[in-house]
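K.L.:
Sequence and predicted structure are below.
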Amino acid sequence: MDDGDAAVSDTRRDQLVATCRTVLDTNWRDGWTCPSADLYPHQWLWDSCFIAIGLAHVDPSRAADELRSLLRGQWANGMLPNMIFAPGTRDLGSRTIWRSRTHDDAPRDVDTTCITQPPLLAIAAMRVAAALDEPARGEFLRELFPRIVAHHEWLYRERDLDGTGLVTLIHPWECGLDSTPPWMDALRRMRLPWWLRIAERLHLARVLRRIRYDTRQLPAAERATDDDGFLMVAAAVHAKRYGFELRRMPRNEGALLQDVGFNAMLAAANGALRFLTDDLGESLPPSLDASIDRTMRAIDDLWDNATGQYCSRDAVTGALVTARTIATFLPLWAGIPVGERAARLVTQLRDAASYWPAFPVPSVPIDAPGFREVRYWKGPTWVNTNWMLVDALHAYSEADLAEQLRERTIAVVATAGPFEYFSPLDGSGHGAPDFSWTAALTLDLALE
Ligand code: GLC
């Protein structure tokens, strides 16, 4: 494959836009979009936000419907689940873990998970609203605004129990970068109940492979390992014992992280929420306003000066988790006043031996011991994180680097096709083909 520097010609760009639109049309399920037809037949929270941002360029009213459809899954307590299950799909295994309808707050007419995902709804709503004409724009915002406020209030009420400004996640699936090294390290330290310890000793993870849905469709080397998969299911079973409620979960068991990527995305979404609040002439509940201010300051505490990066904090031990991942750059996207730290981060980002190989930006730097070229969140380049970094680099006056990243991202998708993720070394596409957020965010990068 050619080098990632080559800018895409106008004709190829037009073809790419057409391909991306086709992917989104094919994955449209009469009211919402699945991430990819075979591997991911359900609806996911942050996927739909990215999808709506792309759709806003080509079909604003469908983009608005995409976001409205997420509200079908909202719980009465404000929680937005990371998944809403599609009716009539064969993948019943994952639905069984959750049994959402046994919870009083869960919706009655759809099955959902009982955990959340990065809260990008305010950002997506702002972008979609900008593409709508009045009166549709005002109606759309008035409908979504109280629901977004309720979600942010839930995050602070249920996940920031000590009022630090940082939200604690109870499961890696909440951070969106599922098998990312800091989480898998934390899960390996987790105390398993006796029956899961026995299952582990009996190597049940290997048996689980036979019933895994993803490795029936894709090479096992591209997905989470069986061990990581086992630990993620074990963590869900653990959280279920406590009703998926952080306030009931013991601090000396399980894995709980103040995840840096999630909190940075929350900070960015808080900014969008404030924008929408002013736009509508509304005001936010004072306690939410105060939490939002605290988050901006608290992300500062996640800086590790020795390694020069932002890290997640283990909410059980209080220690920073210094395994290197792309999440370290996300505070730049949140407009956190990082000062001279921005320069240190950008120097690391520019390093060809680390975060800037031919097809940047890898989810784990290529010189980290845990880097795996095509394995899910252990190394591949993903379009959603690149999309955030393009914006972040512009915000920190790194326009050249931002535009280089935009062009390289467009080029890799144009050459390999709209895959779920890409090898940062040779640009080949891996994971699910015809992946919706790759298509949607490529549209945004190409058409903005
Ligand atoms: C994978 C990703 C997650 C995404 C989901 C659907 O689980 O890790 O972030 O939301 O797929 O695309």
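P.N.:
Received, thanks.

K.L.:
which regions of this structure lie under the pLDDT threshold?
P.N.:
Where the chain drops to pLDDT under 70, the residues are 1-6, 92, 200-211.

K.L.:
quick one, domains of it?
P.N.:
Here the domain assignment for the chain is 1-40+350-448, 191-254, based on automatic domain parsing.

K.L.:
Point out the most buried one among these.
P.N.:
Among these, ranked by average contacts under mean count of other Cβ atoms under 10 Å, first place goes to domain 1-40+350-448 (a mean of 20). (C-beta placed from N, C-alpha, C; glycine too.)

K.L.:
Residue 135 versus residue 124, what's the distance?
P.N.:
Using Cβ to Cβ, to the nearest Å, residue 124 is found at 20 Å from residue 135.

K.L.:
Residue 296 too?
P.N.:
On the measure of Cβ to Cβ, residue 296 and residue 135 end up 34 Å apart.

K.L.:
These two - which one has more neighbours?
P.N.:
residue 296 (17 against 8; other Cβ atoms under 10 Å).

K.L.:
Cross-check that one against the secondary structure; I expect a helix.
P.N.:
Yes - looking at residue 296 with DSSP: H, G, I helix; E, B strand; the rest coil, it is inside a helix.

K.L.:
Please name the residues that touch it.
P.N.:
Residue 296 sits next to 165, 267, 270, 334, 336, 337 when contact means Cβ atoms under 8 Å, 6 or more residues apart in numbering.

K.L.:
Now distance to the ligand too, for the residues you listed, in a markdown table please.
P.N.:
Below are the contacts of residue 296 laid out as a markdown table (distance: Cβ to the nearest ligand atom, whole Å):
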| residue | distance to the ligand |
| --- | --- |
| 165 | 24 |
| 267 | 19 |
| 270 | 21 |
| 334 | 19 |
| 336 | 23 |
| 337 | 28 |
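
K.L.:
In helices, which of those residues fall?
P.N.:
267, 270 (DSSP state H).

K.L.:
Tell me the residues of this structure that contact the ligand?
P.N.:
With Cβ under 6 Å from any ligand atom as the criterion, the chain meets the ligand at residues 35, 40, 44, 46, 47, 176, 178.

K.L.:
Considering those residues, which possesses the most neighbours?
P.N.:
Neighbour max across the residues of the chain next to the ligand (other Cβ under 10 Å) = residue 47, 29 neighbours.

K.L.:
Is it in contact with residue 32, as I believe?
P.N.:
No - taking contacts as Cβ atoms under 8 Å, residue 47 lies outside contact range of residue 32: 9.7 Å.

K.L.:
Quick one: the domains of the chain as TSV, columns for distance to residue 131 too.
P.N.:
Output for those, formatted as TSV (distance: least, Cβ to Cβ, whole Å):
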stretch	distance to residue 131
domain 1-40+350-448	11
domain 191-254	34
